[in-house]
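# A predicted structure for the sequence below; I have some questions about it.
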Amino acid sequence: MVSVWSATAEISQYEPLRTDRRADVVVVGAGWIGLTTALLLAQDGADVVVLEAGRIATRTSGNTTGKVTSQHSTIYADLLDRHGHDKAGLYAEANQAAIDQVAALVQTHGIDCELTRAPAFVYSNESESEIKREAEAALSLRLPAQQTDGREIGLPAVAALRFDNQLYLHPVKFLAGVATALTAAGGQIFEQTRVTDVDTEDDGVLVSTQGGPKVRARHAVIATLLPIGLIGGYFAKTRPQQSHGIAVRLPVEAPAGMAISIDSPVRSTRPWPGGGPNGLIVVGGGHETGSEEDTAAIYQSLTDWVSSTWNHPCQAEYRWSAHDYSTADQLPYVGRTPGSDAIMIATGMHKWGLSNGMVAAGIFRELVAGRPDPWGGLYDARRIGDVKAVAKLLKDNAKVGKEFAAGHLSRALHGGLDHLEVGQGGLFEIDGEKVGAYRDPDGQLHAVKPTCTHLGCPLNWNNADTSWDCNCHGSRFSYDGSVLYGPATKPLDRS
């Protein structure tokens, strides 16, 4: 499946890395964080090399809602309770500043990405008190927020909180423009170049790639959703989350603003300019990666919600899934990793990666230049967290241990896999061994060992996305075994 953004944007192609290189900074990952970081660094005068395992802007960054907003559901009341007014205020300031920084990049480089200023709402059709609590928190932090009765959203709501002057855009067109600006500033981008190892050296880092060439640099920025391999142990400090999106055309004009509900199931919406005045993006169905096999039912639930809300049958023109990570204390990890000043990472964006990702890019620019962190270490990647965060980490990792031990329930398919039909996939037991198998639309059979190459967790079949997903740490693999998302770097063994 291809997102509406990837299907409606043209992006330049870049050559793979074929020879060893040297640079001031090597950026691993050419998504939102990687490309914006690289551009800011190049504008600061740094010699930057960007390495991307596939194509730029096509992974998580190409599957977002395209919202750039400081409105993050009901996070501010929780941040105040958890971290106090000063830290909650820094989070608010950082994400509010990110909106203007994105708008400035668009204007400076003339990027045609459908950027639109619009209000962003968080709303409820059940709980007015929770919206009121968030409104009080947002106002105390000087955010551009105002509580409303919900009628202006264009969706059923008993209460709502409006954030003014926020942004939405076409994320892939934006990143295509950032990549063009980066190369014009002297930066280099290499696609189809999967990084396998990042090692520290006396004068910086050595980055190894699957094809053989290496890059030596003073600094490495790992912008790969979750750091690859075992870097920093962030696979044990975060939990993988997956959401699903559709693009539809309503029977009437779509609501003009962005919105997210706090009721279950959560629904996040925004206009879809490419779909005309009736175009709408809907995202929801969130779950831990690898925990749901029948993801086709999730897409159907989104379509059913649209049909029910507007009392008219609708069909999704595009559908896709997005992948992200959450942290135990609600704050992303951004900055230097434990044990190395040369390796920096960004992860745990809690599905708000466009604003938080712009914040991360600014932090990396200052760290490389040796200037103070503009947000006072709020996102410190070396932090341990409070007692509540540590307790949650212990609980999450106990769950991972159970996943290791549980294995799979497999279907027995006597006589081999010859009778597997086109479009059918899943876990099977053949001669006492577990096999992951899928027959593609051309009739070709793909059989793999359903064990994650990161740390050996069992994999689960995702029938709608035709992928093998790891519920332990969020690695995802195509039906043919190739890596879609890390922290794994090696493909699945074939059976």
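Nice, I can see it. Remember, predicted model here, so these are calculated numbers, not experimental data.

# just the helices in the chain please.
With helices called from DSSP state H, the chain shows them at 4-7, 32-43, 75-109, 128-140, 171-184, 295-309, 353-369, 387-406.

# from those helices, which stretch is densest packed?
Compared across those, helix 32-43 shows the largest average neighbour count, a mean of 27 (mean count of other C-beta atoms under 10 Å). In this view, the C-beta of every residue, glycine as well, is placed from N, C-alpha and C.

# which residues are contacting that helix?
Under the contact criterion C-beta atoms under 8 Å, 6 or more residues apart in numbering, helix 32-43 has outside partners 24-25, 27-28, 48, 50, 52, 56-57, 60-61, 64, 105, 171, 175, 178-179, 181-182, 185-187, 189, 221, 223-224, 346, 353-354, 357-358, 360-362, 364-365, 368.

# that older thread, would you list the helices of the chain in a markdown table and tack on distance to Ala120 and mean pLDDT?
Below are these laid out as a markdown table (distance: least, C-beta to C-beta, whole Å; pLDDT from 0 to 100):
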| stretch | distance to Ala120 | mean pLDDT |
| --- | --- | --- |
| helix 4-7 | 19 | 95 |
| helix 32-43 | 18 | 98 |
| helix 75-109 | 10 | 97 |
| helix 128-140 | 11 | 96 |
| helix 171-184 | 16 | 98 |
| helix 295-309 | 19 | 91 |
| helix 353-369 | 10 | 96 |
| helix 387-406 | 27 | 52 |
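
# CSV please, covering these and showing distance to Leu427.
Below are the helices of the chain laid out as CSV (distance: least, C-beta to C-beta, whole Å):
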stretch, distance to Leu427
helix 4-7, 29
helix 32-43, 34
helix 75-109, 37
helix 128-140, 40
helix 171-184, 34
helix 295-309, 15
helix 353-369, 31
helix 387-406, 13
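
# Any idea which of those gets closest to Thr451?
Taking C-beta to C-beta as the criterion, Thr451 comes closest to helix 387-406 out of those, the separation being 10.6 Å.

# Walk me through the domains of this protein.
The record's domain parsing of the chain by automatic domain parsing lists 4-64+172-237+330-383, 411-485.

# just to revisit the earlier point, which of the helices of the chain sits closest to Thr327?
Closest approach to Thr327 among those (C-beta to C-beta): helix 387-406, 7.7 Å.

# Indicate which one of the helices of the chain is closest to Arg162.
The stretch from the helices of the chain with the least distance to Arg162 (C-beta to C-beta) is helix 128-140; that distance is 9.4 Å.

# for this protein, what helix or strand is lowest in average pLDDT?
Considering only helices and strands, the least confidently modelled element of the chain by mean pLDDT, DSSP states H and E is strand 411-412, at a mean of 44.

# mind listing what Val283 touches?
With the criterion set at C-beta under 8 Å, 6+ apart, Val283 makes contact with Thr65, Ser243, His244, Gly245, Ile246, Arg267, Ser268, Thr269, Leu302, Ala322.

# repeat that with 7 Å
In this structure, Val283 makes contact with Thr65, Ser243, His244, Gly245, Ser268, judged by C-beta atoms under 7 Å, 6 or more residues apart in numbering.

# same deal with Cys314?
Taking C-beta under 7 Å, 6+ apart as the definition of contact, the neighbours of Cys314 are Val248, Leu250, Thr303, Val306, Ser307.
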